[in-house]
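Undergrad: here is my input; please provide its structure:
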Amino acid sequence: MYSISWQKSSYSDAEGGNNCLEVAPGTGDARHLRESDDPDVIVTTTTTKLRAFILGAKAGAFDHLI
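TA: Numbers count the residues shown, from 1 in each chain. Next up, the predicted model:
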């Protein structure tokens, strides 16, 4: 098993709060995601799928869900 090195966004809570998304590289093309306030729940995806999701979110593709 390997050690996961999590990275928080520079936009995360400057006060050290636990309300941000963290990302970490996995083996191969895998990327891990978790919320800092629930670190035991980890979602794994690929770089391609994560990129598509981020671009879709920026373009408003999921606005109808909120």
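Undergrad: for the protein, which segments count as strands?
TA: Listed in chain order, the strands of the chain (DSSP state E) span 7-8, 21-25, 30-35, 38-46.
Undergrad: now the ones you listed in a markdown table, with mean pLDDT, mean neighbour count and distance to Phe62?
TA: Any C-beta I mention is one placed from the backbone N, CA and C, and that applies to glycine too. A markdown table is the format used below for those (pLDDT from 0 to 100; neighbours: other Cβ atoms under 10 Å; distance: least, Cβ to Cβ, whole Å):
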| stretch | mean pLDDT | mean neighbour count | distance to Phe62 |
| --- | --- | --- | --- |
| strand 7-8 | 89 | 12 | 22 |
| strand 21-25 | 93 | 15 | 15 |
| strand 30-35 | 95 | 16 | 16 |
| strand 38-46 | 95 | 11 | 15 |
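Undergrad: how about TSV for those strands, with distance to Ala52 added?
TA: Below are the strands of the chain laid out as TSV (distance: least, Cβ to Cβ, whole Å):
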stretch	distance to Ala52
strand 7-8	20
strand 21-25	15
strand 30-35	12
strand 38-46	9
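Undergrad: pull the contacting residues for the closest residue to Phe53 other than its chain neighbours.
TA: Excluding the flanking residues, the one nearest Phe53 by Cβ to Cβ, 6 or more residues apart in numbering is Thr45, at 7.8 Å. By Cβ atoms under 8 Å, 6 or more residues apart in numbering, the contact set of Thr45 is 30-31, 33, 53.
Undergrad: go again with 10 Å.
TA: 26, 29-33, 51-53 (Cβ atoms under 10 Å, 6 or more residues apart in numbering).
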